[in-house]
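**Q** Got a sequence here, can you model it:
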Amino acid sequence: MIRILLVDDHKILRDGIRSLIKSYSDMEVVGEAADGRKGIQLAGELSPDVVIMDISMPGLNGVDATRKITADHPAIKVVALSMHYDKQFISEIFKAGASGYLIKDSAFDELEHAIRVVLDNKTYINPQIASIVVESLVSQSSGPSPKSFSLLTDREREVLQLIAEGKSTKEIAADLHVSAKTIESHRRQVMGKLNIRNVAELTKYAIREGLTSV
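**A** Numbering: from 1, shown residues only. All right, here's what the predicted structure looks like:
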C-alpha cells in the first residue's frame, strides 16, 4: 500500500486529493497538514512513502519543509503541487529534494501518475512547466539575481515569514522554541542582508519572494 501525506493549507484541495486517492486500491492518505511545520512533524510520525507538498503555506513554506523532510527521511518522496510557474520556485523545490512538480490545475489523474513515477526513483515534471525547467538550466550560468533562498539561512527565512504573517517577537520565539533576543538578532541579520529597514518592507519582500501569501 502506498502511504501518502497531504500538506496544503487549502482544505478543499486536500479533500479533492483524498477523494482521488480513495479510487486507487493500492493508495491511502495517512495524514494531512495545513502548514509546513506540521507536515514535518507528521512525516516523522507517520513515515509516508510520498508527501504531496504545497509551496506557499503559513508558518513554514513548502520549500523549507521539503528540505527538512528529505534531509531527515531520505526514503520519503516529495511531489510539489503548486500554483507557481516561476522558475525560482521550481528550481528551489527541486534543490530542496523534491522528486516531482505539478501545477495545481493539472488533472487529478496526472497526480496519480506522478506518485508512481517518483516511487520508481524517477523525477516527474508537469509538461506545462518542462520548458521553464529547461530555460532555468540553460540560464544558470549567467548568474541569477539574489533571492531569499540564496541570501538567507533556513532559520532566517522562517523568522522572515513569521514576521510577514504578523506575529510578534514573543510569538515567533514561542513557535521556534528560542528566546526573544534570538529572534531580534535574526531580524536584524535579515534586515541587514536585505538592506531593509522596517517591517512593512520586510512583509512586501516576503510576499514578492513567495515566502507567504498574506
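**Q** most remote residue from this structure's center?
**A** Ser25 (28.1 Å; CA atoms, centre = their mean).
**Q** which SS state does that one fall under?
**A** Each residue gets one of three states, and Ser25 gets coil by DSSP: H, G, I helix; E, B strand; the rest coil.
**Q** Check which helices and strands the strand or helix carrying Met191 sits against.
**A** In this structure, Met191 sits in helix 180-194 according to DSSP states H and E. Judged by 3 or more CB pairs under 8 Å, 6 or more residues apart in numbering; DSSP states H and E, helix 180-194 is in contact with helix 148-151, helix 154-164, helix 169-176, helix 199-208. C-beta coordinates here come from the backbone N, C-alpha and C atoms, glycine included.
**Q** what angle do it and helix 154-164 make?
**A** Angle between the axes of helix 180-194 and helix 154-164 is 100 degrees (criterion: axes from the mean of the first three to the mean of the last three CA atoms, to 10 degrees).
**Q** Tell me how the chain divides into domains.
**A** Here the domain parsing of the chain from automatic domain parsing is 2-140, 148-208.
**Q** among these, which is the most enclosed?
**A** Per residue and on average, the most neighbours among the domains of the chain fall to domain 2-140, with a mean of 18 (mean count of other CB atoms under 10 Å).
**Q** Okay, strands next: where are they in this structure?
**A** Per DSSP state E, the chain carries strands over the ranges 2-7, 27-33, 50-53, 77-82, 100-103, 124-125.
**Q** Would you reformat those strands as a markdown table and include mean pLDDT and distance to Glu165?
**A** As requested, these are exported to a markdown table (pLDDT from 0 to 100; distance: least, CB to CB, whole Å):
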| stretch | mean pLDDT | distance to Glu165 |
| --- | --- | --- |
| strand 2-7 | 98 | 17 |
| strand 27-33 | 97 | 17 |
| strand 50-53 | 97 | 19 |
| strand 77-82 | 93 | 19 |
| strand 100-103 | 91 | 25 |
| strand 124-125 | 89 | 30 |
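**Q** Could you find the closest non-adjacent residue to the spatially most central residue of the chain?
**A** Ranked by distance to the mean C-alpha position of the chain (CA atoms, centre = their mean), the top residue is Gly62 at 1.2 Å. Spatial nearest neighbour of Gly62, excluding adjacent residues (CB to CB, 6 or more residues apart in numbering): Ile55 at 4.0 Å.
**Q** Could you do Glu156 as well?
**A** Val190 (5.1 Å).
**Q** any idea which helix or strand of this protein has the worst average confidence?
**A** Taking mean pLDDT, DSSP states H and E as the measure, the helix or strand of the chain with the lowest value is helix 130-139, at a mean of 60.
**Q** For stretch 177-191, what does the pLDDT average out to?
**A** Mean per-residue pLDDT for stretch 177-191: 91.
**Q** What residues does Leu60 make contact with?
**A** Neighbouring residues of Leu60 by CB atoms under 8 Å, 6 or more residues apart in numbering: Asp35, Gly36, Arg37, Ile40, Glu158, Gln161.
**Q** Go again with 6 Å.
**A** Leu60 makes contact with Gly36, Arg37 under the criterion CB atoms under 6 Å, 6 or more residues apart in numbering.
**Q** pLDDT score assigned to it?
**A** For Leu60, pLDDT reads 90.
**Q** Please apply the same query to the one 5 residues further on.
**A** In the predicted model, Ala65 carries a pLDDT score of 95.
**Q** Do I have it right that the residue nearest to the centre of the chain meets Ile52?
**A** No - in this structure Gly62 lies outside contact range of Ile52 using CB atoms under 6 Å: 10.1 Å.
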